[in-house]
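1. here's my sequence, what's the structure:
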Amino acid sequence: MISHQRNNLFVTSLVYALLSAISCSCSSSKNPPTADSETGSIPETDSNTETETSTGQITGPQDILTGKETSPVINWIQLEAGSFTFGSPETTPCRAPIAETEVAVELTHPFVMAETEITQSQWQSLDFPNPSHNVGDSKPVTFVNFFEALAWCNKLSRLEGKDTCYDLSNCSSEVGTGCSEDADGCMIDTPTYSCAGNVHKYTNYYECPGFRLPTAAEWEYAAKAGTATHTYGGDVHYTALSYCEDEPALNDIAWYCFNSNDTLHPVKQKLPNPWGLYDTLGNVYEWTDYYFMGQPLTEDPINTLVDPVGPAQGDTVDIRGGFWGQTGCYTRPSRPLHSRCIYRTFNIGFRPVRTLFEETSTDSDSSTDSATDSATDSATDSAN
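-> Next up is the predicted model:
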């Protein structure tokens, strides 16, 4: 056990050091696209134009369909609009004192969320190379940075005939490049896929009809699934970040430092939350669409926050859920961490969402939509 704890201490400390020490920015000084004042959307640019990377390499747009894509088999869980308390009480173990400030949040749009983190098989179905070092079709895809997750979401939107949520015309390099085979993480040793300026086509992210990353509020709402305890398995106890001990509340629902054997696991090996979502805690962190530097969700915690979005650009992005080497009391829905959005590492994946609108909420004309109806019953009754 001592050896196991030391290994986890080293891995966790290394990850925190890497994520905290890197100083590059997600965005650049290029002028961002201008949003339409009435619709809030940014007009589609000509994504067929080739771009030149900082190394002189010419690459085509990474979110354009190649004709080799197949629809990924994804079970979509439908979550109804509703209200919840974002953040956690001050007595919560291992609480981030500012970032977890409690505030009432109302989400006015129902949405679907992938039942699991995107697996390597699902990632590859959209004709992207598998960048993961711990390979397995049913394991979460890793070594994908924030922008690469956006490119995957855009490709799925195009494949399903939906408007894309992100403007990736100011992106350079290629998806899946930039890490040597023995690296735990990378960003600037070799160019990784990166984008300049504001990548959001819709000022209000919730109004995009295509696939996207969840906002921080959507992610936490889905992960808490109406529960009031620290996790949906129960309450956790305080543990120093440099130590790993048994957390009974987590053992049946999450892979974390005590039970993971220091490795990535296939999805759906632990119990889902009450709304049918697997692995929201542990295994790998998940990118959200929320630029984050430790700030509270709002400076006004008194009034209800409706459909919060956050900054349009920033230096780092919120990641959620903990990972397989995480200390137990940090593996909670409300505990945020942040990573540079061009950073690719062994313990970050993603889980997409899509807003449902009245005219499309019962739509089942695509392979990905058809899975939604079969999963609805597990979430809708308790979503409010």
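2. report how many residues lie close to residue 279.
-> 26 (other CB atoms under 10 Å). C-beta coordinates here come from the backbone N, C-alpha and C atoms, glycine included.
3. residues contacting it?
-> 116-117, 140, 254-255, 267-268, 270, 321 (CB atoms under 8 Å, 6 or more residues apart in numbering).
4. part of a strand, is it?
-> No - Residue 279: not assigned to a strand; according to DSSP: H, G, I helix; E, B strand; the rest coil it is coil.
5. from the contacts of residue 279, which two are the most distant?
-> 268 and 321 (15.0 Å; CB to CB).
6. shaky segments in the chain?
-> The chain contains residues with pLDDT under 70 at 1-60, 187-190, 359-384.
7. rewinding a little: in helices only, show me the contacts of residue 279.
-> Using DSSP state H, no member of the contacts of residue 279 sits in helices.
8. ok, the residues you listed vs residue 217, which is closest?
-> Out of these, the member with the shortest distance to residue 217 (by CB to CB) is residue 321, at 14.7 Å.
9. what's near enough to touch the closest one?
-> So residue 321 contacts 223, 279-286, 331, 333 (CB under 8 Å, 6+ apart).
10. ok, residue 96 next?
-> Residue 96 touches 294, 335-336, counting by CB under 8 Å, 6+ apart.
11. just curious, which of the residues you listed is nearest to residue 171?
-> Among these, and counting by CB to CB, the member closest to residue 171 is residue 336, at 25.6 Å.
12. by contact count, what packs against the helix or strand harbouring residue 84?
-> Using DSSP states H and E, residue 84 falls within strand 82-86. In this structure, strand 82-86 makes packing contacts with strand 103-107, helix 216-224, judged by 3 or more CB pairs under 8 Å, 6 or more residues apart in numbering; DSSP states H and E.
13. roughly how far is the longest one from the heart of the chain?
-> Meaning helix 216-224. Counting by CA atoms, centre = their mean, to the nearest Å, helix 216-224 is centred 11 Å from the centre of its parent chain.
14. state the number of residues packed around the closest residue to residue 238 other than its chain neighbours.
-> Closest residue to residue 238 apart from its sequence neighbours, by CB to CB, 6 or more residues apart in numbering: residue 93 at 3.9 Å. Neighbour count of residue 93, defined by other CB under 10 Å: 17.
15. residue contacts, residue 93?
-> Counting by CB under 8 Å, 6+ apart, residue 93 touches 230, 236-239, 329.
16. among those, which ones are buried?
-> 230, 236, 239, 329 (16 or more other CB atoms under 10 Å).
17. which of those residues sit farthest apart?
-> Largest pairwise distance in the buried ones among the contacts of residue 93, by CB to CB, is 12.3 Å, between 230 and 239.
18. give the residues shared as contacts by the two.
-> In contact with both residue 230 and residue 239: 93, 329, using CB under 8 Å, 6+ apart.
19. tell me which strands the strand holding residue 84 pairs with, and in which orientation.
-> Using DSSP bridges, the strands paired with strand 82-86 in its sheet are strand 103-107 (antiparallel).
20. residue 66: neighbour count?
-> 10.
21. right, and it touches residue 155 too?
-> No - with contact defined as CB atoms under 8 Å, residue 66 does not count as touching residue 155 (9.0 Å).
22. returning to what we had before: figure out which of the helices and strands packed on strand 82-86 is closest to residue 300.
-> From the helices and strands packed on strand 82-86, taking CB to CB, the stretch that ends up closest is strand 103-107, at 7.9 Å.
23. please name the residues that touch the residue nearest to the spatial centre of the chain.
-> Centroid-nearest residue in the chain: residue 287, 2.5 Å away (criterion: CA atoms, centre = their mean). Residues near residue 287 by CB under 8 Å, 6+ apart: 146, 149, 213, 317, 319, 348-350.
24. go again with 7 Å.
-> 146, 149, 213, 317, 319, 348, 350 (CB atoms under 7 Å, 6 or more residues apart in numbering).
25. just confirm it is within a strand.
-> Yes - counting by three-state DSSP, residue 287 is part of a strand.
26. with adjacent residues omitted, what lies nearest to it?
-> residue 350 (4.4 Å).
27. go on, residue 311?
-> Closest residue in space to residue 311, ignoring its immediate chain neighbours: residue 291 at 4.4 Å, by CB to CB, 6+ apart.
28. gap between stretch 67-75 and the chain center?
-> 19 Å.
29. err, stretch 268-278, not the other one
-> That offset, for stretch 268-278, works out to 17 Å (CA atoms, centre = their mean).
30. do the same with stretch 172-187
-> With CA atoms, centre = their mean as the basis, the mean position of stretch 172-187 lies at 19 Å from the chain mean.
31. one more: stretch 321-334?
-> 15 Å.
32. can you check stretch 164-173 too?
-> That offset, for stretch 164-173, works out to 17 Å (CA atoms, centre = their mean).
33. buried residues, that stretch. List them.
-> Here stretch 164-173 shows 164-173 as buried, counting by 16+ other CB under 10 Å.
34. just the CA trace of that stretch, in PDB.
-> What follows is stretch 164-173, C-alpha atoms only, in PDB (Å, rounded to 0.1, in the frame of the first residue of the first chain):
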ATOM      1  CA  THR A 164     -21.500  23.700 -36.400                       C
ATOM      2  CA  CYS A 165     -21.000  25.500 -33.100                       C
ATOM      3  CA  TYR A 166     -17.300  26.600 -33.600                       C
ATOM      4  CA  ASP A 167     -15.500  28.600 -36.200                       C
ATOM      5  CA  LEU A 168     -12.200  26.800 -36.600                       C
ATOM      6  CA  SER A 169     -11.000  28.800 -39.700                       C
ATOM      7  CA  ASN A 170      -8.100  30.300 -37.700                       C
ATOM      8  CA  CYS A 171      -6.700  27.000 -36.600                       C
ATOM      9  CA  SER A 172      -3.300  25.600 -37.400                       C
ATOM     10  CA  SER A 173      -1.400  22.300 -37.400                       C
END
